[in-house]
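> make a model of this:
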Amino acid sequence: MTGKPVTLAVIIGAHGVTGEVRLKLFGEGADALKSYKSFDAAGRTLTLQSVRPGPNGAVARFAEIGDRSAAESLRGTELAIPRSALPDLGEGEYYHADLIGLPCVSSEGEELGAIVTVENFGAGDIIEVERPNGKRFMAPMHAVTLADGRAVIEAAFAA
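A predicted model of the protein is given here:
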């Protein structure tokens, strides 16, 4: 896999007896997976044959999974693609995967640490930053400017 891997889904179990799997999705829905032919699944390649919306996510069929026991054995397996395979974004858009690990400074120039996760609880994205001392804080994405390979956080949110 070339480029930083981006996880789009995880297998959460079998669906039926013919090898279909249930997926928890981390992207924009089942249709978004259709634009990718194959996925890295813990070091092996899975070739997508079909995907449709399903309970709590999607139901997919992969060429390499032929029965229920094979599907069950992959429970918990993440399905990833290289970052380079994702579509280009418009101005002001970003992929969460690009934010993880990004160094952070306050708008006053204080080194703050790095972004460790991005959450969304319904009102917009929130980044979690880990300081060099291991303590963490959260800031809303609207208080963050991305520039020059780093995140600049308004000082009031970095207290």
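> next, count neighbours for residue 142.
For residue 142, the neighbour count with other C-beta atoms under 10 Å is 12. Yep, even glycine has a C-beta here, placed from its N, CA and C like the rest.
> ok, the nearest residue to it once chain neighbours are set aside to residue 140 distance?
By the measure of C-beta to C-beta, 6 or more residues apart in numbering, the closest residue to residue 142 outside its immediate chain neighbours is residue 124, 6.5 Å from it. For residue 124, the distance to residue 140 (C-beta to C-beta, to the nearest Å) stands at 6 Å.
> if we can go back for a sec, for residue 48, see how far away the residue nearest to residue 142 is.
From residue 124 to residue 48 the distance is 31 Å (C-beta to C-beta).
> for residue 96, same thing?
Residue 96 sits 22 Å away from residue 48, taking C-beta to C-beta as the criterion.
> can you give me the strands for this protein?
5-15, 20-25, 38-41, 44-54, 57-62, 78-82, 103-106, 111-120, 125-130, 136-140, 144-147, 150-153 (DSSP state E).
> quick one: buried residues of the first one?
Of the residues in strand 5-15, those with enough neighbours to count as buried (16 or more other C-beta atoms under 10 Å) are 5, 6, 8, 9, 10, 11, 12, 14, 15.
> who does the lowest-mean-pLDDT helix or strand in the chain touch, helix- and strand-wise?
Using mean pLDDT, DSSP states H and E, the weakest-scoring helix or strand in the chain turns out to be helix 96-99, at a mean of 86. With contacts defined as 3 or more C-beta pairs under 8 Å, 6 or more residues apart in numbering; DSSP states H and E, helix 96-99 has these neighbours: strand 111-120.
> what pairs with the strand it packs on, parallel or antiparallel?
strand 103-106 (antiparallel), strand 125-130 (antiparallel) (DSSP bridges).
> got the CA positions of that strand in CSV?
Provided in CSV are the C-alpha atoms of strand 111-120 (Å, rounded to 0.1, in the frame of the first residue of the first chain):
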residue,chain,number,x,y,z
GLU,A,111,3.7,25.0,21.1
LEU,A,112,0.7,22.9,22.1
GLY,A,113,1.5,19.4,21.0
ALA,A,114,-0.2,17.3,18.3
ILE,A,115,-3.7,16.3,17.2
VAL,A,116,-4.5,12.8,18.4
THR,A,117,-8.1,12.4,17.3
VAL,A,118,-11.0,14.1,15.6
GLU,A,119,-14.5,13.7,17.0
ASN,A,120,-17.9,14.8,15.9
